[in-house]
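Novice: Build me a model:
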Amino acid sequence: MTVLHPSEKLTRLPDDIVWLDLIDPTRVEDSYMEQLLQISIPTRDDLKDIEPSSRLYIEQDSVYMTASLVWKADSKQPELTDVAFILTGNRLVTVRYADPRSFSLFIAALGRVPTDVRNGKTLLSHLLETIADRTAEILEMTIARIDRLSSDIFRDRDRRRPPKFLEGKLADIAENHRLIGKVRDSLGSLSRVLTFLQNTPMLHTDEDAEKLCKTVARDVATLSEHAGFVAGNISFLLDASLGLINVEQNAIIKIFSIASVVFLPPTLVASIYGMNFRAMPELEWSFGYPMALLAMVVSAIVPFFFFRWKGWL
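Specialist: Residues are numbered from 1 along each chain as shown. Below is the predicted model:
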């Protein structure tokens, strides 16, 4: 792989350079590559344009495609980064302002592509295949996380768990939901790129690249369906967690409600004998005080055992 620097003021690219990977290029570097390749290089602002006509188009026999790829999938803040793929002549030009792992994986496996078939169309097909494989890996990683979350939430429910245990799991569910949302957006973007690429006359001149693009398109469609299934599981897990939180909160409220009912009869007895009426015979009894205490205890015990008998406790 050849690395070009702005200081190397070439007037013509060697024929054996079939892939130019522009990573976070400056405006000076963009201008230099435009003069070298005689094409326009999209800027960072151009890549952010969401209009289909600005992301997929043909200009001066060069095919321009922009896809959104998942970046920082292993972190708590996954992002989407826009990457431009340009087929011009026999070369592939990629413009990116981030470093998705799929590119490093593709570079590491670049030796598997035979030298005699290396051209822009073939490299783009293999690169898109690597991106799809990396997306599948992210989906598998997310599924494993969801399985662990499901086990933590539903397993050992009878054991005492720390307060706000489920509230903490909601944050983990939200992280995975965010990641799956990014993956689905990326797969939708890749699907549009592959559909556009398969309809370009340039691809039809390379049978191997065309077949590989069709295979990758089927893989992306399958991954999109699978991502939708995973998103449904995450939604179920979120609803189940919120339901369990409501159950725990209702159990606490039930305890307070039963406690208030249990202590209501003793409070009534104490209120009656706290009155200041003169004609209350019990006030003159020598055993009136212990009788009042006994009445309060009995009036508290009877509702308690009644609730136990009904299964409310």
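Novice: residue contacts, the residue nearest the centre of the chain?
Specialist: Averaging the C-alpha coordinates of the chain gives a centre point, and the residue nearest to it by CA atoms, centre = their mean is residue 179 (1.6 Å). If a contact means CB atoms under 8 Å, 6 or more residues apart in numbering, then residue 179 has 70, 73, 78, 138, 142 as its contacts. In short, each C-beta sits where N, CA and C put it, glycine included.
Novice: From the contact counts, what lies against the longest helix anywhere in the chain?
Specialist: Assignment by DSSP state H gives helix 207-262 as the longest helix of the chain. Packed against helix 207-262, as judged by 3 or more CB pairs under 8 Å, 6 or more residues apart in numbering; DSSP states H and E, are the following elements: helix 120-154, helix 165-198, helix 288-310.
Novice: Please point out which parts of stretch 200-217 sit buried.
Specialist: By neighbour count on 16 or more other CB atoms under 10 Å, the buried set for stretch 200-217 is 200, 202, 203, 206, 209, 210, 212, 213, 216, 217.
Novice: same question, stretch 234-248
Specialist: Neighbour-count burial for stretch 234-248 flags 234, 237, 238, 241, 244, 245 (criterion: 16+ other CB under 10 Å).
Novice: Which residues does it contact?
Specialist: Contacts of stretch 234-248 from elsewhere in the structure, counted by CB under 8 Å, 6+ apart, are 146, 149-150, 153-154, 157, 166-167, 169-170, 173, 176-177, 180.
Novice: Same question for stretch 271-288.
Specialist: For stretch 271-288, contacts defined as CB under 8 Å, 6+ apart pick out 291, 292.
Novice: now do 7 Å
Specialist: Contacts of stretch 271-288 with the rest of the structure, by CB atoms under 7 Å, 6 or more residues apart in numbering, involve residue 292.
Novice: May I have it as PDB, with CA atoms only?
Specialist: Listed next in PDB are the C-alpha coordinates belonging to stretch 271-288 (Å, rounded to 0.1, in the frame of the first residue of the first chain):
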ATOM      1  CA  SER A 271     -58.900   8.000  70.300                       C
ATOM      2  CA  ILE A 272     -62.000   6.900  72.100                       C
ATOM      3  CA  TYR A 273     -60.300   6.700  75.500                       C
ATOM      4  CA  GLY A 274     -58.500  10.000  74.800                       C
ATOM      5  CA  MET A 275     -61.800  11.800  75.000                       C
ATOM      6  CA  ASN A 276     -62.500  14.100  78.000                       C
ATOM      7  CA  PHE A 277     -66.000  13.200  78.700                       C
ATOM      8  CA  ARG A 278     -67.000  12.800  82.400                       C
ATOM      9  CA  ALA A 279     -69.500   9.900  81.900                       C
ATOM     10  CA  MET A 280     -67.000   7.200  80.700                       C
ATOM     11  CA  PRO A 281     -67.200   4.300  83.200                       C
ATOM     12  CA  GLU A 282     -63.900   2.700  81.900                       C
ATOM     13  CA  LEU A 283     -61.900   5.700  83.200                       C
ATOM     14  CA  GLU A 284     -62.700   4.700  86.800                       C
ATOM     15  CA  TRP A 285     -61.600   1.100  86.400                       C
ATOM     16  CA  SER A 286     -58.400   0.100  88.100                       C
ATOM     17  CA  PHE A 287     -57.600  -2.200  85.100                       C
ATOM     18  CA  GLY A 288     -58.900   0.100  82.500                       C
END
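Novice: quick check, distance from that stretch to the centre of its chain.
Specialist: Taking the mean of its C-alpha atoms, stretch 271-288 sits 70 Å from the chain's own mean (CA atoms, centre = their mean, to the nearest Å).
Novice: what does stretch 180-196 give?
Specialist: Here the centre of mass of C-alpha atoms in stretch 180-196, compared against the chain's by CA atoms, centre = their mean, lies 14 Å away.
Novice: List the buried residues of it.
Specialist: Neighbour-count burial for stretch 180-196, with 16+ other CB under 10 Å as criterion, is recorded at 180, 182-184, 186-187, 189-194, 196.
Novice: Now residue 204: closest residue in space that isn't a chain neighbour?
Specialist: residue 210 (6.2 Å; CB to CB, 6 or more residues apart in numbering).
Novice: My read is that residue 152 contacts residue 169, right?
Specialist: Yes - here residue 152 reaches residue 169: they are 6.5 Å apart, a contact under CB atoms under 7 Å.
Novice: Mind checking which of these two has more residues around it?
Specialist: Each of residue 152 and residue 169 has its neighbours counted (other CB atoms under 10 Å); residue 169 has more, 19 against 15.
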